[in-house]
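Chemist: Build me a structure from this.
(3 chains)
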Amino acid sequence: MVDNKKRNKHLLQILNSFKKKMHRQLKNIVRIFSIILKDRKGILGVTIIGIILCCAIFSPWIAPCNPYELNIINRFAAPSLKHLLGTDNLGRDILSRIIYGARIAMIVSIGGVSIAVVVGVILGTIAGYNVGRVIDNGILWIVDVIRAFPQIILILVLVAVLGPSTLNMIMVLALTAMPRYTRVARAETLSIKEEEYIFAAKSLGAKNKRIILKHIIPNILPPIIILAGMDMAVMIMIEAGLSFLGLGVRPPTASWGIILRDGYRYIRLSPWMIIWSSIAIAMAMLGYSLFAESLRIALNPKESIEKQAGV
Amino acid sequence: MPLLQVKNLCTYFKKDAGALSKLFGRGTKIVRAVDGISFNIEERETFGLVGESGCGKTTVGNSVLRLVEPTSGKIFFEGKDLLNMGDKELHKFRLKAQLISQNARSSLNPRMNVGEILSEPFEIHKVTNYEDEIEEKVCNLLKIVGLSPDDANKYPHEFSGGEARRITVARALALHPKLVVADEPTSGLDVSIMAQVINLMLEMQDKFGLTYLWISHNLHIVKYISNKIAVMYLGKIVEMGSGEDIFQNPLHPYTQALLSSVPDVMSNKKERIILKGEVPSPINPPTGCRFGPRCWRVNSLCKSKEPKVVEIENCHWVACHRCKT
Amino acid sequence: MGKELLSIKNLIVEYLTIRGKVRVVNKVNLTINEGEVLCLVGESGCGKSTLGLSILQLLPKSGKIINGQIIMKGQNLLELPEKTMNEKIRGKEIAMIAQDPQRSLNPVFKVGDQIIDVLRFHEGNRDQRDRSTKNILQPSRRKALWKQKAINMLDKMGIADAGDRIREYPYQFSGGMKQRVVAAMAFISNPSMLIADEPTTALDVTIQAQIINLLKDLIKEYKTAVLYITHDLGVAWEISDQIAVMYAGSIVESANTESLFKKREHPYTEALLGCLPGNMMRNKTQKKHLNTIPGQVPNLIKPPSGCRFHPRCPYSMRICKEQQPILREVSPGHSVACFKKESR
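Modeler: Here you go, the predicted structure:
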């Protein structure tokens, strides 16, 4: 009985401390966002990404029509009240397809980048933390081999071999993006490794695992986060490119790349497909780039303080 | 039995030469940071280690705590051989010997708040599994060093230099160690804050029965607090003795020059010993006595043979050919 | 000493921070005479570095000079346009030596080039004339002349083999030598005033002694006025003719060096000098503790009312909480800003 009580108390405390940590992280995120929103670039970036995210999450509710509903009689229609952006080659509403396309864009970019970051950071910190030259060199070797291939060609070959599908695309994009994070994580780890607080932790008796998880990783995150922001823009573009080549998402799934491809084929009959899909892709990339830039300023203590003071 | 016994400690660092240099036969360089040091520290004593940058005093502190692996020599802590300890015993040793780093700010993880920083020693050594007990201990620590328990939620950059120093002192004392290696604990602090920190550390020493290895280049402070002082130059101890001996009767020329260089308020030092040149590199120390090239009493014996540390007077050691009784 | 060279009147400098405006320099009045070494002493955060930077208008973006005049040779420096400041004042009339020699030198340029750069900037616009023939010098002869000047200067600073060393990069110099290079760059234009912001804080004690010795010789030779900013009272004693003690943005005491250290009129000066361990030695039996100043340096966003030192002052009276004392002469050449001392 007493044992159970103790265990419950212990579990409660773990939950409490977790809540406190989350609360602190949230405050941190709010603070960073407030700095980002003080700047025109930041406001624009956050707005654009916000809109795209809303489209992605709430597509069934926002989209005016069913993106898969064919209406061949009404194909290549110009923008009208019923179809705000016009219809495509099969009479489907372009606006709805673009809204649904945001889903693919978000899933691919966020998914791909997340996997790349997690794997890259783990490999990079292990390589940098001096667990042995063999492991360090081994990881670097793998990473360099991947980087030796031109990114586009590697993606094309892998997708051609594995077959076009959303999941494959995410995996492949993550694989080709990972080396950069490994390199950055390794470089940052190498420099942070020599910092005095790492030394202090060692003098307290901390083991390597603790040092990597609690001291090194939280401190290498800023450049990684910024890189991730920029990478998301690139991934949207690559997804569009792959789908354009027919190696990405399979039709009839609505993806910006596919709309672009169809628009390219039928450009003489209707320019609207190309116009709207290009604008969508460009806006998404712009939004991510602006956001990444303001994030960089917000995470750099000196610049962010000047921004906050209104200088 | 002395708490810490160091015999002929040598710590060398390898400076890897690039491939081209190796091609030209200029292989790996060895930095002889600490080159044959011997001293003892008794319990509850404050042992001051003085010297300028490059003399190796920080490396001595790190070697004694095995944060840097010594190359040769022997270190005995509480009679046990430190350099041959296994991992488990080393972990237990860390409970009893702590480090206060030179730069207080940079020895605090900027992304952890003070509460987390101070809980870390307890978490590492699994002192207790209960969060609230750890919180209580952290509050106590903060009160002991003169900070408020509310500060546990703040981050290091929100504190001034003196306060950051107090946090590092609190962290070092968390596990009630026996030996504390204090590496320049007052550097970068203002005079009034320096006085506060020194008072705090002396108070802690009285309260917890601590032994300090106090590494500093500030001679006034070392004179004030130390029982025994050793002066280092280029990896070697050149003079060692009590505070009175060193400051009132410095025998080694380097000690004399060092004491004369320190600007003293209200003193009328017309005769200043200004040393020529710079401290030579520890990669290629001069042959014979290392201080020879800058010494005004150097002779041919000094240039050829390295002097040994010899007890000239009672408990006053010097390493100098020109200082024989 | 000579006549007045630089006069700071009622200077107010504020920084804009996240938490509001911070008044770092609070109505400061200061005068430096020709050939005189004035030491500005104070602890961190008292505003001494800001004062030094304000003279050359080198404050960071968040710092603004709100009010005041800095008059040199009849001109208010604060009214000069940036171009004139750059061409005539900075590095020419008033030179500066900063604290960290590591950061004062550009790591990718040779040391000689950096010194010649100073000459090129200040003398390059004027045509140089050959001493003997009075013809205008060709650019190549000019360069050679400058190079020789640089070598001579480095030699004077005590750097051996100056001719070879001007071709080296800063990383090849030690801390003390880097500071000598910076001193060479400062003195090469023969400035009438030098601002030295803690030039020896980052150096070892024996090197510090060398540099201070060097500075003393140079000051004697060039008859430069010096504003020497430091927190080290021992150095202040060594090098200065006049001392001004700063606390929380105001000057609290100003006198000639010997007089200040002997009389210690202001309570802060007294307490500060009392903190030094001096010649004390602590025995195991005697439990002597160092004197400290209780409390902390005040938060300058919401400074204490009245005299900024009053919360920590052992002599504070009621008037100290209400009004700010002004610097008043209590004996010839010795001024204090303190109500207690005035009432005597």
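Chemist: which residues of chain A score low on pLDDT?
Modeler: Residue ranges of chain A with pLDDT under 70: A:1-2, A:131, A:301-311.
Chemist: which residues sit in contact with the nearest residue to C:Phe261 once chain neighbours are set aside?
Modeler: Nearest residue to C:Phe261 in three dimensions, chain neighbours excluded: B:Met266, at 5.7 Å (CB to CB, 6 or more residues apart in numbering or on different chains). Where you see a C-beta, it was placed from the backbone N, CA and C, and this is true even at glycine. Going by CB atoms under 8 Å, 6 or more residues apart in numbering or on different chains, B:Met266 touches C:Trp237, C:Phe261, C:Lys262.
Chemist: count of neighbours near the second one?
Modeler: C:Phe261 sits with 17 neighbouring residues when counted by other CB atoms under 10 Å in any protein chain shown.
Chemist: How about the first one?
Modeler: The burial metric for C:Trp237, expressed as a neighbour count using other CB under 10 Å, is 21.
Chemist: Helix or strand for C:Lys64, just tell me which one.
Modeler: Taking DSSP states H and E as the criterion, C:Lys64 maps to strand C:63-72.
Chemist: Pull out the C-alpha coordinates of that strand and format them as CSV.
Modeler: What follows is strand C:63-72, C-alpha atoms only, in CSV (Å, rounded to 0.1, in the frame of the first residue of the first chain):
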residue,chain,number,x,y,z
GLY,C,63,23.0,54.7,-27.1
LYS,C,64,22.0,58.3,-27.5
ILE,C,65,23.6,61.5,-26.2
ILE,C,66,20.7,63.4,-24.9
ASN,C,67,22.3,66.6,-23.7
GLY,C,68,25.6,68.3,-23.0
GLN,C,69,28.6,69.7,-24.7
ILE,C,70,32.1,68.4,-25.3
ILE,C,71,34.3,71.3,-26.1
MET,C,72,37.8,70.9,-27.5
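Chemist: Tell me the secondary structure at the residue positioned nearest the centre of chain B.
Modeler: Closest residue to the average C-alpha location of chain B: B:Ile215 at 3.0 Å, with CA atoms, centre = their mean. What DSSP: H, G, I helix; E, B strand; the rest coil gives for B:Ile215 is strand.
Chemist: Let's see the pLDDT reported for it.
Modeler: B:Ile215 carries a pLDDT value of 93.
Chemist: looking at it, it is touching B:Ala182, isn't it?
Modeler: Yes. Using CB atoms under 8 Å, B:Ile215 makes contact with B:Ala182 at a distance of 6.6 Å.
Chemist: Wasn't A:Lys19 part of a strand?
Modeler: No. The assignment for A:Lys19 (three-state DSSP) gives helix, which keeps it out of a strand.
Chemist: Who are the contact partners of it?
Modeler: Contacts of A:Lys19 (CB under 8 Å, 6+ apart): none.
Chemist: What helix or strand is A:Leu81 located in?
Modeler: Here A:Leu81 is assigned to no helix or strand, by DSSP H and E.
Chemist: next one: A:Met285
Modeler: Here A:Met285 is assigned to helix A:272-299, by DSSP H and E.
Chemist: ok, is that helix in contact with chain B or not?
Modeler: No. Using CB under 8 Å from any CB of the partner chain, helix A:272-299 never reaches chain B; the gap is at least 11.5 Å.
Chemist: Show me what from the stretch 151-300 of chain B comes close to chain A.
Modeler: Residues of the stretch 151-300 of chain B lying near chain A (CB under 8 Å from any CB): B:His157, B:Thr168, B:Arg171.
Chemist: Now chain B against chain A: closest residue?
Modeler: B:Arg94 (3.6 Å; CB to the nearest CB).
Chemist: From chain A, how far out is the closest residue to C:Gly306 other than its chain neighbours?
Modeler: With sequence-adjacent residues excluded and distances taken as CB to CB, 6+ apart, C:Gly306 is closest to C:Lys321, at 4.6 Å. Per CB to the nearest CB, to the nearest Å, C:Lys321 is found 30 Å from chain A.
Chemist: neighbours around B:Arg165, how many?
Modeler: 29.
Chemist: Name the helix or strand for it, please.
Modeler: Counting by DSSP H and E, the element that carries B:Arg165 is helix B:161-173.
Chemist: now do C:Val22
Modeler: According to DSSP H and E, C:Val22 maps onto strand C:20-33.
Chemist: Could you figure out how far that strand is turned away from strand C:63-72?
Modeler: Counting by axes from the mean of the first three to the mean of the last three CA atoms, to 10 degrees, strand C:20-33 lies at 10 degrees to strand C:63-72.
Chemist: Could you see whether chain A lies near strand C:20-33?
Modeler: No. Strand C:20-33 lies out of reach of chain A by CB under 8 Å from any CB, never closer than 9.0 Å.
Chemist: what sits against whatever residue of the stretch 151-300 of chain A ends up closest to chain B?
Modeler: Here the residue of the stretch 151-300 of chain A nearest chain B is A:Gly205; by CB to the nearest CB that distance is 3.6 Å. In this structure, A:Gly205 makes contact with B:His91, B:Arg94, B:Leu95, B:Pro121, B:Ile124, B:His125, judged by CB under 8 Å, 6+ apart.
Chemist: And the longest helix anywhere in chain B, what's buried?
Modeler: In chain B, assigned by DSSP state H, the helix with the most residues is helix B:191-208. Under the neighbour-count criterion of 16 or more other CB atoms under 10 Å in any protein chain shown, helix B:191-208 has B:191-198, B:200-202, B:204-205 buried.
Chemist: Likewise for stretch C:45-64?
Modeler: For stretch C:45-64, by 16+ other CB under 10 Å, it's C:45-57, C:62-63.
Chemist: And stretch B:94-112, by the same measure?
Modeler: The neighbour-count check on stretch B:94-112 (16+ other CB under 10 Å) flags B:94-95, B:97-109, B:111-112 as buried.
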